[in-house]
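[1] give me a 3D structure for the following:
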Amino acid sequence: MGALSERDPALAALLAALPEHERRRDAERLIALLLEIAGEPVVLLNNTIGFGSGDAEQPYRIGLSPRRREFVFHLPHALGLHSALLAKLGRFKADDKRLYIKRLSDVDAKVLLELLAASSRSAHPD
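    All right, here's what the predicted structure looks like:
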């Protein structure tokens, strides 16, 4: 497992509970990507891994819930703000502030990176 999960036993247990090797590998790639985009500190709330400093309403900039059947991204602002990126993303489902993908190979990784970075910036503009 990655260096982050080795430092955090609760995160390591969350990833170990994922049913497939591919899903665990995708989760580790997504964690590394989100650390790069939103930064630390990382918090674990229930089964959501939070990245970057948030505010009183949401204690992180972007959240990731690696579930058995899908990855859920918890985003700070309405996804409608990023409709041009969503149109290029690939296969996904979404509601107002959550993005659901079954596996990383279902989406364009570069577009996902752009979308998550844009969402993180809109949460806390510099």
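
[2] what's the longest helix in the chain?
    Criterion DSSP state H: the longest helix present in the chain is helix 21-38.

[3] point out where this structure drops to low pLDDT.
    1-7, 41, 123-126 (pLDDT under 70).

[4] the protein: helices as residue ranges?
    Taking DSSP H as the test, the helices found in the chain are 3-7, 9-16, 21-38, 83-89, 109-123.

[5] can you redo the ones you listed as TSV with mean neighbour count and distance to residue 48?
    For the C-beta atoms, the positions are set from N, CA and C on the backbone; glycine is no exception. Listed next are those as TSV, based on neighbours: other Cβ atoms under 10 Å; distance: least, Cβ to Cβ, whole Å:
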stretch	mean neighbour count	distance to residue 48
helix 3-7	13	15
helix 9-16	14	10
helix 21-38	18	12
helix 83-89	14	21
helix 109-123	18	15
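
[6] possible to save those as TSV with distance to residue 76?
    Below are the helices of the chain laid out as TSV (distance: least, Cβ to Cβ, whole Å):
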stretch	distance to residue 76
helix 3-7	21
helix 9-16	21
helix 21-38	10
helix 83-89	15
helix 109-123	4
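
[7] between these, which one is closest to residue 100.
    For the helices of the chain, the distance to residue 100 is smallest for helix 83-89, at 11.4 Å, taking Cβ to Cβ.
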